[in-house]
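Participant: Got a sequence here, can you model it:
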Amino acid sequence: MIKPVFYLGVLFTLFSSYAWADFDYPGEGKVSYPTGVEKPFKFGFGWQKNNEQFTIGTKSYNMQLPESYSIAITLSKDEQQIWVQEFNNGFIEGFNWKIGEHTLALEKRQFKDPVKGNYVISLDNKNYFFARNNISIMIKFSEEGIETIAIDGVTKDMGTKQ
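Facilitator: Here you go, the predicted model:
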């Protein structure tokens with residue numbers, strides 16, 4: 001005879017593996033405007049394996065888990081403002097965003113040597129500069145959640161421009 005404890009162990013194993021297949025990252029942040037005004041925003045990702053439903057921001061899609069998602073950041077021609085469609089409907093001066101265990105921030109600073117737009121973007125406290133006017137945040141997923149985040153189109157701050 002199989003003991004009830006065995007059944008509980010099997011049920012626990014089934015439900016715990018199901019829980020590992022889902023994730024939810026609300027993505028809390030703030031955008032800042034040249035006027036100094038700050039506005040909160042939410043932009044995150046979620047995955048429900050059982051329903052094959054992926055959430056991007058406030059919208060959910062019936063689909064398989066995508067390998068990655070890219071957020072484009074565009075520096076205006078006069079290099080004074082940026083555009084991030086996912087965070088705001090117009091140009092902004094900067095942002096702070098927490099997604100899962102990761103933090104990203106973009107802000108203007110004054111540097112001894114000029115940098116594109118006087119912008120510095122940081123990912124988990126590592127600073128980068130724009131190498132071109134269009135950069136992107138690449139978020140790679142696995143069934144457990146966010147696997148990696150990287151920024152494309154930037155150069156690493158080596159501490160020489162401070």
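Participant: List the beta-bridge partners for the residue nearest the centre of the chain.
Facilitator: For the chain, residue 99 is the residue whose C-alpha lies nearest the centre (CA atoms, centre = their mean; 5.3 Å). Residues in a beta bridge with residue 99, per DSSP bridges, are residue 102.
Participant: Surely it and residue 141 touch.
Facilitator: No - the pair residue 99 / residue 141 is not scored as a contact, 11.6 Å apart, by CB atoms under 8 Å. Backbone N, C-alpha and C define where each C-beta goes, glycine included.
Participant: any residues in contact with both of those two?
Facilitator: Residues within reach of residue 99 and of residue 141 at once, by CB atoms under 8 Å, 6 or more residues apart in numbering, are residue 45.
Participant: Just the element for residue 69, please.
Facilitator: strand 68-75 (DSSP states H and E).
Participant: Which residues does that strand contact?
Facilitator: Against strand 68-75 from outside (CB under 8 Å, 6+ apart): 45, 56, 81-86, 106, 116-117, 119, 121, 130, 133-141.
Participant: Let's see that with 6 Å instead.
Facilitator: Under the criterion CB atoms under 6 Å, 6 or more residues apart in numbering, residues 82-84, 86, 117, 130, 133-140 lie in contact with strand 68-75.
Participant: What's the mean pLDDT across stretch 33-52?
Facilitator: What stretch 33-52 shows for mean pLDDT is 95.
Participant: Equivalent analysis for stretch 140-156, please.
Facilitator: 96.
Participant: who touches it?
Facilitator: 21, 23, 65, 68, 100, 102, 123, 128-129, 131-132, 135-139.
Participant: In contact with residue 118: list those residues for me.
Facilitator: residue 108.
Participant: Quick check: phi and psi on it?
Facilitator: phi 60, psi 30 (degrees, to the nearest 10).
Participant: Pull the number of nearby residues for residue 145.
Facilitator: Neighbour count of residue 145, defined by other CB atoms under 10 Å: 16.
Participant: That one pairs with what?
Facilitator: Bridge pairing for residue 145 - DSSP bridges - gives residue 142.
Participant: can you check residue 128 too?
Facilitator: The partner residues for residue 128, given DSSP bridges, come to residue 121, residue 156.
Participant: Assess the claim that it and residue 122 are in contact.
Facilitator: No - using CB atoms under 6 Å, residue 128 is not in contact with residue 122, being 7.1 Å away.
Participant: Pick out whichever of the two has more residues nearby.
Facilitator: Using other CB under 10 Å, the more surrounded residue of residue 128 and residue 122 is residue 128, with 19 against 16.
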